[in-house]
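# Here is my input; please provide its structure:
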Amino acid sequence: MKKVLVVLGQFSDQDIDWLIGAGERRPVKSEELLVDEGQPIDSLYIILAGKFVVHSQGAKVADLGSGEIVGELSYLDSRPPNASVIATEDSFVYAVRRDRLQSKLRIDTGFASRFYRALGLLLADRLRTTTSQLAVGNFRDLDSDNEQAGEISPEIMEALDLAGARFDRMLKELQR
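Numbers count the residues shown, from 1 in each chain. Just a heads-up that it's a prediction; the model follows:
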């Protein structure tokens, strides 16, 4: 859930209204492939409900649930995904087509700024988590002001309540 909150916390209420109108809620059946490793994708996804597993080169790398963002790397660099994402139960995602999002980013520089900042924060968080998991003999001084693995920076923390309310609003609007 933290991922979507980080992203939505960067957006304005008008951005959320646009997102709600720009995409579509899609059911995903258990065992259905949402993203196929090496194959281009045409949408950015937010997991609304359900569970998914991520596999890269045949190895499981992550479990995903409500509030996770899928397809952001392929959106940013236009290369096919380097992992597959498969539903492990009946689920729902919110899909925003690449062409629709690109059009919005071209004409609305404020939205573009907030969107790319949100993706930057999302990817920075993922990189910090990955780096801390790979570190061998990682010593952290608990008395220091350094953020610990899994912690949310104070700058992002301020927007989390608002982001949670926005995600709830999205879910309610999409259930109509």
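
# which residues sit in contact with the residue nearest the centre of the chain?
Nearest to the mean C-alpha position of the chain, by Cα atoms, centre = their mean, lies residue 69 at 2.1 Å. Residues counted as contacts of residue 69 (Cβ atoms under 8 Å, 6 or more residues apart in numbering) are 3-4, 7, 44-47, 122. Backbone N, C-alpha and C define where each C-beta goes, glycine included.

# Relative to residue 58, how far out is it?
Distance, residue 69 to residue 58, by Cβ to Cβ, to the nearest Å: 23 Å.

# ok, what's across the strand from the nearest residue to residue 174 once chain neighbours are set aside?
Among residues not flanking residue 174 along the chain, residue 25 sits closest, at 4.6 Å (Cβ to Cβ, 6 or more residues apart in numbering). In this entry, residue 25 is beta-bridged to residue 94, by DSSP bridges.

# Please tell me how far residue 25 sits from residue 75.
19 Å.

# so where's the longest helix in this protein?
The single longest helix within the chain, with elements called by DSSP state H, is helix 109-134.

# So which elements touch it?
Helices and strands touching helix 109-134, as assessed by 3 or more Cβ pairs under 8 Å, 6 or more residues apart in numbering; DSSP states H and E, comprise helix 2-8, helix 13-22, helix 72-77, helix 98-107.

# What residues sit buried inside it?
Within helix 109-134, the residues scored as buried using 16 or more other Cβ atoms under 10 Å are 111, 114-115, 118-119, 121-122, 125, 128.

# which one of these sits closest to residue 34?
residue 122 (17.9 Å; Cβ to Cβ).

# For the closest one, give me its contacts.
Residue 122 neighbours (Cβ under 8 Å, 6+ apart): 3, 6-7, 69, 72.

# Show me which of those residues are buried.
Judged by 16+ other Cβ under 10 Å, buried ones among the contacts of residue 122: 3, 6-7, 69, 72.

# for this structure, which spans come out with low pLDDT?
1-2, 135-163 (pLDDT under 70).

# picking that back up, among the helices and strands packed on helix 109-134, show me which one is buried the most.
helix 2-8 (a mean of 22; mean count of other Cβ atoms under 10 Å).

# All set now, cheers.
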